[in-house]
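Asks: sequence and predicted structure, then a few things I'm wondering about:
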Amino acid sequence: MTSSSASAPGSGSAEPSRVPRPLRPLTARGRHEAHRVSSPLELFIDLCFVVAIAQAGAELVHAVAEGHAGQGILNYAMAFFAIWWAWMNFSWFASAYDNDDVLYRLVTLVQVAGVLVLAAGISRAFAEHDFFLVWLGYVIMRVAMATQWLRAARNAGGAERRMALRYAAGVLLCQVGWLGLVLLPEPDRPWVFLVMVVAELAVPVYAERAYATSWHPHHIAERYGLFTIIVLGETVAAATVAVKSAADEDFALGELLPIAAGGLLIVFSAWWIYFVVPIHGHLRSNRESFLWGYGHYVILASAAAIGAGLEVAVEQAVGKSRLSTLAASAAVTLPTALYLITVWALHARHFKVGIAQQLVLPTAALLVICCTFLGEWAVFAAGVVSALAVATGVTLTARMYAGSGTGGGTAASGGSGATRREA
């Protein structure tokens, strides 16, 4: 295991000559623990969750390509929320309490089983509006999470114990509300979804009202960054498969290359813009972290939707979809614009200096939307705009430091204009 998983809870190191006990108290770790990194178990969890994201993205492609974009987007939003919220709750809990003993690992693997059950039910949810397997997988994940909180409560006292018990109770009560997706008529399910989203988001706010968990800022920033990398990687993989499938059927590469090139530029730019920001310095309290963490629903969902949109654009370009060129282009440009504006709102605006830097990403998002109307060149143009946003951010930063006479150390750079360490 990594240094973070090998060390005892609440400490930054472990005795190298002693093998940790299989069962250990689940106690809070230190917020300022040194060398805290993601564990192999957390990385394994990320990969399993992305399996479910890939399933949701594939079903979104089919729904949009067949002309059922509204219902497809709604189903995608519901499925993605279940995946993202379970992942997010696991990640924040692990940041505060991961002791990496046998019981912790086993309960975590139960959560993996839950996400795989959820993934298995996504196709039925889209095609038949049957959310039973999605609900069952979500319940498995969340009951396992409540078990972790009860275990933390057993080893805590005072305000910390009350906080852990509130989490466990809130998680379990929400599972009763989610039954509405299975039992109520289909027209009522969007309202059930909206009510339950509010209820789920309220649980951490209520639970940590008097006592905040000892999550680690660097660890949390790394966890979100790694998950974003995996989602962007899934986007590249989905688009690559779509282009390969079309090319294998002898469709003209001239129809596919602009989409492939534009898609790569979008994904490369999305990576650059996100990871140029040292966001851990902004995560100082629950107030900032809750908004930042919740906002990642839009960042991650839009990043995954870009891949689905690229698949839709490929299918439309080779005549496999009933969509118009405008609609297929929008399937790429709209999530791209949403990604850019959300990353700006959550990351970049806290680090940009001056109005010119502040306007880079909002302007790029607007121009990407305008690219929707460029016909078969829409995706390529959106990619060029995204790349130019990165180049503009780098140029503005270079000019700022040239004008101030500073050179090394930390500098603002990239499409987001955020401060970072220079390599």
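Replies: Thanks, I have it.
Asks: could you use CA atoms for every contact and neighbour count after this?
Replies: Noted.
Asks: pLDDT weak spots in the stretch 251-400 of the chain?
Replies: For the stretch 251-400 of the chain, the stretches flagged by pLDDT under 70 are 251-252, 277, 280-286, 348.
Asks: repeat that with 90
Replies: 251-260, 274-295, 311, 314-324, 345-358, 375-376, 393-400 (pLDDT under 90).
Asks: please apply the same query to the stretch 101-250 of the chain.
Replies: 101, 125-131, 155-157, 181, 184, 186-190, 209-222, 224-226, 230, 233-250.
Asks: where along it do the helices fall?
Replies: 102-128, 132-154, 158-178, 180-183, 189-207, 217-248 (DSSP state H, counting those that start in this stretch).
Asks: just put those helices in CSV and tack on distance to Thr395.
Replies: Converted to CSV, these look like this (distance: least, C-alpha to C-alpha, whole Å):
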stretch, distance to Thr395
helix 102-128, 43
helix 132-154, 46
helix 158-178, 47
helix 180-183, 50
helix 189-207, 39
helix 217-248, 25
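Asks: export the ones you listed to a markdown table and tack on mean neighbour count and distance to Tyr76?
Replies: Listed next are the helices of the stretch 101-250 of the chain as a markdown table, based on neighbours: other C-alpha atoms under 10 Å; distance: least, C-alpha to C-alpha, whole Å:
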| stretch | mean neighbour count | distance to Tyr76 |
| --- | --- | --- |
| helix 102-128 | 20 | 8 |
| helix 132-154 | 22 | 12 |
| helix 158-178 | 19 | 16 |
| helix 180-183 | 18 | 14 |
| helix 189-207 | 16 | 12 |
| helix 217-248 | 19 | 15 |
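Asks: nearest to Gln316, out of those?
Replies: Of all the helices of the stretch 101-250 of the chain, helix 217-248 sits nearest to Gln316, with 10.7 Å by C-alpha to C-alpha.
Asks: to Arg399, which of the helices of the stretch 101-250 of the chain lies closest?
Replies: Per C-alpha to C-alpha, nearest to Arg399 of the helices of the stretch 101-250 of the chain: helix 217-248, 28.2 Å.
Asks: quick one: contacts for Cys174?
Replies: Contacts for Cys174 (C-alpha atoms under 8 Å, 6 or more residues apart in numbering) come out as Met196, Ala199, Glu200.
Asks: among the helices of the stretch 101-250 of the chain, which is nearest Tyr339?
Replies: Per C-alpha to C-alpha, nearest to Tyr339 of the helices of the stretch 101-250 of the chain: helix 217-248, 11.6 Å.
Asks: and the closest one, how far from the chain's centre?
Replies: 10 Å (C-alpha atoms, centre = their mean, to the nearest Å).
Asks: again, but for stretch 331-346
Replies: For stretch 331-346, the distance to the chain centre is 13 Å (C-alpha atoms, centre = their mean).
Asks: so what does the helix or strand Leu41 falls within touch, helix or strand wise?
Replies: Per DSSP states H and E: Leu41 is located in helix 40-65. For helix 40-65, the packing partners by 3 or more C-alpha pairs under 8 Å, 6 or more residues apart in numbering; DSSP states H and E come out as helix 69-97, helix 102-128, helix 217-248, helix 286-317.
Asks: swap the cut-off to 6 Å and go again
Replies: Applying 3 or more C-alpha pairs under 6 Å, 6 or more residues apart in numbering; DSSP states H and E, we find helix 40-65 packed against helix 69-97, helix 286-317.
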